[in-house]
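Participant: Sequence first, then the predicted structure:
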Amino acid sequence: MVGRESQNHVDGCYFCFSKIRGYNAKNRKCISYPNLPSAIGTITQGPDVPIPLPPDSIDTIVLSDEESSEETISESDFETEHKNTPQLFTQCELNDLVRDQGLSKVGAEILRSRLQSKHMLTIVSMYRKRETEFTPFFGE
């Protein structure tokens with residue numbers, strides 16, 4: 001028995017096409033599963049079905065039309081936009097994150113403390129409107 005070979009992940013991933021969110025034990029019988037070629041059972045071997053052999057070397061692998069039409073980039077030409085450096089949060093981004101997560105004031109302070117201990121916060125000072133009259137005294 002031999003399993004079918006998947007053509008590509010976008011069109012042939014059985015798990016990506018199976019929508020199972022929102023189902024529970026009572027209504028799990030209503031789940032409809034997709035009929036994809038990659039999810040169809042195994043192929044039985046016989047005299048009329050030859051056993052596929054792997055290629056001898058990587059050079060002999062032929063790319064499909066989609067892959068061969070794209071421009072190939074060598075590893076020396078490729079550079080990532082972001083290195084493995086952490087992306088720091090500004091105070092505005094942290095405020096947005098707290099608001100989006102619906103954190104309480106205590107939860108926001110804990111999050112800020114944990115991010116600051118991991119050096120994931122940039123140093124920014126923000127003033128409330130009631131303190132605007134004192135901001136000239138704190139200039140650099």
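Facilitator: Yep, that arrived. Residues are numbered from 1 along each chain as shown.
Participant: Does anything pack onto the longest helix along the chain? Which helices or strands?
Facilitator: Counting by DSSP state H, the longest helix found in the chain is helix 105-117. On a contact count with 3 or more C-beta pairs under 8 Å, 6 or more residues apart in numbering; DSSP states H and E, helix 105-117 meets helix 91-101. Where you see a C-beta, it was placed from the backbone N, CA and C, and this is true even at glycine.
Participant: buried ones in the helix it packs on?
Facilitator: 94, 98 (16 or more other C-beta atoms under 10 Å).
Participant: if we can go back for a sec, tell me the mean pLDDT for the longest helix of the chain?
Facilitator: For helix 105-117, mean pLDDT rounds to 84.
Participant: angle of it against helix 91-101?
Facilitator: 140 degrees (axes from the mean of the first three to the mean of the last three C-alpha atoms, to 10 degrees).
Participant: what are the bridge partners for the closest residue to residue 115 other than its chain neighbours, then?
Facilitator: Among residues not flanking residue 115 along the chain, residue 121 sits closest, at 5.0 Å (C-beta to C-beta, 6 or more residues apart in numbering). Taking DSSP bridges as the rule, residue 121 bridges to residue 89.
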